Each structure stands twice: as C-alpha cells, then as structure tokens.
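Undergrad: Please find the sequence and the predicted model below.
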Amino acid sequence: MVEREDSDRLTEVLKAASDPNRRRILTILVQEGPLRVTDLAGRFDMSLNSVSKHIKALEKAGLVSRKTEWREHLIAPEMEPLRLIDAWFAELRSSWDMRLEHLAAIFSEENDDDD
C-alpha cells in the first residue's frame with residue numbers, strides 16, 4: 001500500500017504529469033536523454049519562457065533535474081517518481097486481479113452446483 005508520504009509525492013507527480021506538454025517533455029527526455037532547455041523549446045510551438053515554466057513544474061515534482069554548466073542548462077529525466085506511479089498502478093491491478101479471481105470462483109461454484 002502507498003504510504004502517506006509517498007501518497008503526497010504521488011499526488012504532486014500526477015499533478016505535474018497531467019499537462020500534455022509536460023508529458024511530451026518528459027517523454028522526449030526519457031527517450032533521448034538530457035537536453036538543453038533551448039533544444040527542448042525548439043520542439044514546441046510556444047515561447048522559451050512557457051517551456052521553462054513547464055520544466056520548473058516537472059522539477060518541483062522531481063520528474064526532471066537541471067544541471068547548469070556555464071550558460072547551458074541541461075534537463076535530465078528522473079525515473080524514481082515514475083516508480084511511484086508504477087507501484088500505485090500495481091496496487092490497482094492487484095485489487096482488480098483479486099476481484100476477478102473472486103468473480104471467477106463464484107461462476108465456478110455456480111457451474112459446479114448446476115452439475
């Protein structure tokens with residue numbers, strides 16, 4: 001079960017990932033690795049300032065990190081928060097698996113009673 005601290009963090013991660021532009025930024029970074037902010041911004045039909053705001057929201061949620069070298073800002077994906085999402089989905093899958101197994105058992109009992 002997701003602990004309270006993890007639950008609060010999960011909420012922040014899901015909130016940050018709820019925006020399609022942020023998900024696209026995260027997808028690009030996971031697929032290609034660290035990129036400069038300007039390289040990321042060039043892939044979007046929005047201002048550099050808008051892309052920077054999306055990156056800051058992702059940083060706040062821990063989904064990306066920033067490394068500054070001189071004037072270059074490299075943005076890299078952080079996988080740990082994604083593991084929180086995966087753990088939460090695993091819990092949901094587990095609950096549904098148990099329900100489906102229970103339902104299958106009920107149907108099996110009904111079929112045995114019909115014989």
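TA: Received the coordinates, thanks. What you are looking at is a predicted structure, and each value in this text was computed from that prediction instead of being measured. Numbers count the residues shown, from 1 in each chain.

Undergrad: quick one: secondary structure of the nearest residue to R43 once chain neighbours are set aside?
TA: Using CB to CB, 6 or more residues apart in numbering and skipping residues adjacent in sequence, the residue nearest R43 is I28, 6.7 Å away. The C-beta positions use only the backbone N, C-alpha and C, and glycine is treated the same way. What DSSP: H, G, I helix; E, B strand; the rest coil gives for I28 is helix.

Undergrad: Return the helix or strand in the chain with minimum mean pLDDT.
TA: Here the helix or strand of the chain ranked lowest by mean pLDDT, DSSP states H and E is helix 80-114, holding a mean of 74.

Undergrad: re earlier: ok now do the residue nearest to R43, which residues does it touch?
TA: Neighbour list for I28: L35, L40, R43 [criterion: CB atoms under 8 Å, 6 or more residues apart in numbering].

Undergrad: Also P20?
TA: Counting by CB under 8 Å, 6+ apart, P20 has no contacts.

Undergrad: Tell me the spacing between it and S52.
TA: P20 sits 17 Å away from S52, going by CB to CB, to the nearest Å.

Undergrad: if you skip the residues just before and after it, what's nearest to A57?
TA: Using CB to CB, 6+ apart, the nearest residue to A57 is A16, at 5.1 Å.

Undergrad: just checking, that neighbour touches K56?
TA: No. A16 lies out of contact with K56 (CB atoms under 8 Å); the separation is 9.8 Å.

Undergrad: The two: who's more crowded?
TA: Legend: neighbour count by other CB atoms under 10 Å for A16 and K56, higher for A16 (22 against 13).

Undergrad: average pLDDT for the strand or helix carrying the more buried one?
TA: Here A16 is covered by helix 4-17, with elements defined by DSSP states H and E. Across helix 4-17, the average pLDDT comes to 85.
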